[in-house]
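Q: need a 3D model of the following:
(one chain, ligands or ions: 1)
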Amino acid sequence: MSRRPPAGLAAVRAARVPDSRRLRVGVIGLGSGCTHIDGWRQHPNVDVVALADADADRLDVAGERFDVATCYTCAETMLDIERFDVISLCTPNRFHKALAIAALEAGCHVLCEKPMALGATEAREMLAAARRNGRRLMVNFPCRFSAQSRALKAQVDAGLFGDFYFGRSVWHRRRGLPDGSRALADLGVHRLDLALWLMGHPRPTWVLGSTHEPTAGGGWAGDVGDLATALIRFDNGATLVLEASRATHIGEAELMETRLFGTRAGLLQKNLDGGPRCEAQIFLEQAGTPCDLHLRPAAPEAPSAMYEFAEAILNERPHPAPGEEGLVVMEILDAICQSARSGEPVRFAA
Ligand SMILES: NC(=O)c1ccc[n+]([C@@H]2O[C@H](COP(=O)([O-])OP(=O)(O)OC[C@H]3O[C@@H](n4cnc5c(N)ncnc54)[C@H](O)[C@@H]3O)[C@@H](O)[C@H]2O)c1
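A: Modelled structure (predicted):
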């Protein structure tokens, strides 16, 4: 399936900068993939040149909306025919591994939606394919890319907090959609990655996990369930509590919170009024007096993960949220599920 580009627009795009300095991007999966297209379009040297989605109607709507003429209902066919620098992979999780490997084998860098795979074994296969082909693999963890998260991270890197020794990272939803994925893989990964990133990625040594399964109906009409909780211990002695659920009896529509205790100061990033907007606070003591600071980032908007990936590729710099960090998230998720099944802590190999 393919539509012709408006000739004028194609000519204007081609004239802006030499092709050799532009990235050709393809997007697979046009639910969250539409957000990727917006993100790629923040960058002046990126062209989203083709789209793929198994759903022809969705493909048509996205093709029209974003004025992308080259559209495929089969992602593999698109990878065979078109030439890309980067693929944005936004299909349901169960397709990530096969399509990421196909894209990497076709010589593309890959920006993969979270969670990067169904488990750590798949994630390792994806990383092996990236290494084999000398291509990049990045995971889209959008919580890292807000102006506020970046401002917090800048304070962490400046040493304001000292060493983090405890954290609690949470995403609870009052009523979620029963779409087949689990709260841990859907919501928990965001808060886990954010905490690991702010903590400087200490190495996990053991995990104690517990889950509560839905009793019936997948989380509707007062049916609580799909809760995961975990205590994660790291090699530097720090511990992190992780909680995620998609149908539970709380006052907020959404409760997102990441709290970290450091030896010099503590931080809290928390959503406001059950919505997506977050506030960030820093707690410390100055001259014996407790001080609460509200963090207000200078820039209201921050460039997207897509923009950052493009910058890294074009400037030959390391990219953020590399697949290796996505793999650690998958290893922790696997360990939580294993521990929940066995009722025992799961130790990581030294
Ligand atoms: N980073 C975020 O904040 C965020 C938000 C939402 C979803 N996601 C992630 O994005 C991914 C997709 O989630 P979604 O909510 O957009 O799902 P979705 O179901 O809305 O969209 C997925 C699309 O992929 C298409 N598709 C499925 N299999 C395909 C295949 N083999 N080839 C081509 N197209 C295929 C479907 O037709 C559908 O249009 C998941 O991994 C999810 O975890 C991330």
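Q: which residues lie in contact with the residue nearest to the spatial centre of the chain in this structure?
A: The structure's the chain has its C-alpha centroid closest to residue 141; by C-alpha atoms, centre = their mean the separation is 2.1 Å. By C-beta atoms under 8 Å, 6 or more residues apart in numbering, the contact list for residue 141 reads 114, 189, 190, 193, 194, 197, 305, 321, 326. For the C-beta atoms, the positions are set from N, CA and C on the backbone; glycine is no exception.
Q: which parts of the chain sit against the ligand?
A: 28-32, 52-55, 58, 75, 90-93, 95, 113-114, 140, 142, 186 (C-beta under 6 Å from any ligand atom).
Q: show the buried residues in those.
A: 28-30, 52-53, 58, 75, 90-91, 93, 95, 113-114, 140, 142, 186 (16 or more other C-beta atoms under 10 Å).
Q: is the residue of the chain found nearest the ligand in a helix, a strand, or coil?
A: Closest to the ligand within the chain is residue 31: 2.3 Å, counting by C-beta to the nearest ligand atom. The local conformation at residue 31, judged by DSSP: H, G, I helix; E, B strand; the rest coil, is coil.
Q: for it, phi and psi?
A: phi -90, psi -90 (degrees, to the nearest 10).
Q: now do the phi/psi pair for the residue nearest to it when sequence neighbours are not counted.
A: Leaving out its chain neighbours, the residue that sits closest to residue 31 by C-beta to C-beta, 6 or more residues apart in numbering is residue 90, at 6.6 Å. Here is the backbone geometry of residue 90 (degrees, to the nearest 10): phi -130, psi 30.
Q: dump the contacts of residue 141 into JSON lines; add secondary structure, pLDDT and distance to residue 204 as well.
A: Formatted as JSON lines, those follow (DSSP: H, G, I helix; E, B strand; the rest coil; pLDDT from 0 to 100; distance: C-beta to C-beta, whole Å):
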{"residue": "114", "secondary structure": "coil", "pLDDT": "97", "distance to residue 204": "18"}
{"residue": "189", "secondary structure": "helix", "pLDDT": "97", "distance to residue 204": "14"}
{"residue": "190", "secondary structure": "helix", "pLDDT": "97", "distance to residue 204": "18"}
{"residue": "193", "secondary structure": "helix", "pLDDT": "98", "distance to residue 204": "13"}
{"residue": "194", "secondary structure": "helix", "pLDDT": "98", "distance to residue 204": "15"}
{"residue": "197", "secondary structure": "helix", "pLDDT": "98", "distance to residue 204": "14"}
{"residue": "305", "secondary structure": "helix", "pLDDT": "97", "distance to residue 204": "24"}
{"residue": "321", "secondary structure": "coil", "pLDDT": "98", "distance to residue 204": "18"}
{"residue": "326", "secondary structure": "helix", "pLDDT": "98", "distance to residue 204": "14"}
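Q: tell me the two of these that are most distant?
A: Within those, 189 and 305 form the most distant pair, 14.1 Å apart (C-beta to C-beta).
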